[in-house]
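# can't give you the sequence, but here's the structure:
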């Protein structure tokens, strides 16, 4: 008997990938707008495999309602939307992109987005574009700064950190690197810079560390106070790795001159709308030195197709 698969993101998978799954399983392709809709369906139906997506949470309640569940498949590196501990206790295999370094080295979307939101912030592009649409043709309100000769401190020298460092080199920036893993440097020309020194010297700090218990609210008031006065913070990692209350305090005090983030705390489980009255969103609505994009760093057409094809083949290889 073939697998019984629930696919929650079939609109982002290639016809070839879906055909492979369909040929060896009872494949159900559905989309849910809310967690409640998803839970109700799972309460009434059983699957041994769920292909999931960001925005729907494979939490304890979903797992408890799925006695036949053996595989959870996600085309992400971060696993915030899955209760890993409960899955492990149940012996459920979580199939993800985590640790797939060789393949992920060719996926550049999030690194490109890091650079895009940095440029939007320092060049005030969002404000200038809106100003033109409102009938103006002004330069004075949008005086910006150059990246040339600035220092960027990259916290986390994994796949994305390495790509961002290369982009910085093209802009003639000085690059400082910090990573707790001594093996991260390999044949790199960069040496590890102690975090305190990196913060003291960096005009821009870009975070590229994984979201885990050790890194929960890692970038906090203590580190902000050690940083160079008026530094810019970029985060395309996960919202969980920063203390958002401390970030807002730093913006108000002007210790941080600007923030560009693609992620907010808990956003991996949001259902198409941000949390009501979210403090970061509320601040951004009233100020111009915080820009937020909706966790779209990896959401480029080429990256979507390649990652979905890869995760499909990884799953098929595991079960074969």
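Okay, I see it. No experiment lies behind these values; they were computed from the predicted model shown.
# When you work out contacts or count neighbours from here on, use the C-alpha atoms and nothing else.
Noted.
# Any idea how far whichever helix or strand residue 232 is part of is from the middle of the chain?
Taking DSSP states H and E as the definition, one finds residue 232 inside strand 231-235. Average the C-alpha atoms of strand 231-235, do the same for its chain, and the two points are 15 Å apart (Cα atoms, centre = their mean, to the nearest Å).
# what does stretch 24-42 give?
24 Å.
# Repeat that for stretch 306-320.
With Cα atoms, centre = their mean, you get 21 Å for stretch 306-320.
# now swap in stretch 178-191 and tell me
22 Å.
# which residues are contacting that stretch?
153-158, 176-177, 192-195, 198 (Cα atoms under 8 Å, 6 or more residues apart in numbering).
# Count the residues that sit near residue 124.
Neighbour count of residue 124, defined by other Cα atoms under 10 Å: 19.
# which residues are in contact with stretch 287-303?
Contacts for stretch 287-303 (Cα under 8 Å, 6+ apart): 107-114, 117, 121, 236, 251, 257-264, 267, 281, 283-284, 304.
# Endpoints of stretch 168-185, how far apart?
Start to finish, the residues bounding stretch 168-185 are 17 Å apart (Cα to Cα, to the nearest Å).
# From the contacts of stretch 178-191, pick the one nearest residue 67.
Of all the contacts of stretch 178-191, residue 158 has the smallest distance to residue 67: 36.9 Å, by Cα to Cα.
# so what's the closest one up against?
Counting by Cα under 8 Å, 6+ apart, residue 158 has contacts 184, 208, 209.
# got these as a markdown table, with distance to residue 227 and secondary structure columns?
A markdown table is the format used below for those (distance: Cα to Cα, whole Å; DSSP: H, G, I helix; E, B strand; the rest coil):
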| residue | distance to residue 227 | secondary structure |
| --- | --- | --- |
| 184 | 23 | helix |
| 208 | 17 | coil |
| 209 | 18 | coil |
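# which one of those residues is nearest residue 83?
Nearest to residue 83 among those, with distances taken as Cα to Cα, is residue 209, at 19.8 Å.
# Mind checking which of the contacts of stretch 178-191 are in strands?
Assignment to strands by DSSP state E places the following of those there: 153, 154, 155, 176, 177.
# now the third one, which residues is it bridged with?
Using DSSP bridges, the bridge partners assigned to residue 155 are residue 178, residue 207.
# quick revisit: which of the contacts of stretch 178-191 has the most neighbours?
residue 154 leads these on contacts (other Cα under 10 Å) with 29 neighbours.
# re the thing from before, output the contacts of stretch 178-191 as CSV; include the columns distance to residue 291 and pLDDT.
Output for the contacts of stretch 178-191, formatted as CSV (distance: Cα to Cα, whole Å; pLDDT from 0 to 100):
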residue, distance to residue 291, pLDDT
153, 20, 98
154, 19, 98
155, 20, 98
156, 22, 97
157, 24, 96
158, 25, 93
176, 24, 98
177, 24, 97
192, 30, 94
193, 28, 97
194, 28, 97
195, 25, 98
198, 24, 98
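# now, among the residues you listed, which is nearest to residue 51?
Closest to residue 51, out of all of those and judged by Cα to Cα, is residue 158, at 26.4 Å.
# Tell me the spacing between that closest one and residue 164.
For residue 158, the distance to residue 164 - Cα to Cα - is 10 Å.
# Need the nearest residue in space to residue 236, chain neighbours excluded.
Nearest non-adjacent residue to residue 236, counting by Cα to Cα, 6 or more residues apart in numbering: residue 262, 5.1 Å away.
# Surely the one you found is in contact with residue 240?
No. Taking contacts as Cα atoms under 8 Å, residue 262 lies outside contact range of residue 240: 11.9 Å.
# which residues touch residue 41?
By Cα under 8 Å, 6+ apart, residue 41 lies in contact with nothing.
# That one belongs to a helix, doesn't it?
Yes. According to DSSP: H, G, I helix; E, B strand; the rest coil, the state of residue 41 is that of a helix.
# how close does it sit to residue 259?
40 Å.
# Buried residues in the longest helix that the chain contains, which are they?
What stands out as the longest helix in the chain, according to DSSP state H, is helix 301-319. Of all the residues in helix 301-319, those buried under the rule 16 or more other Cα atoms under 10 Å are 303, 304, 306, 307, 308, 309, 310, 311, 312, 315.
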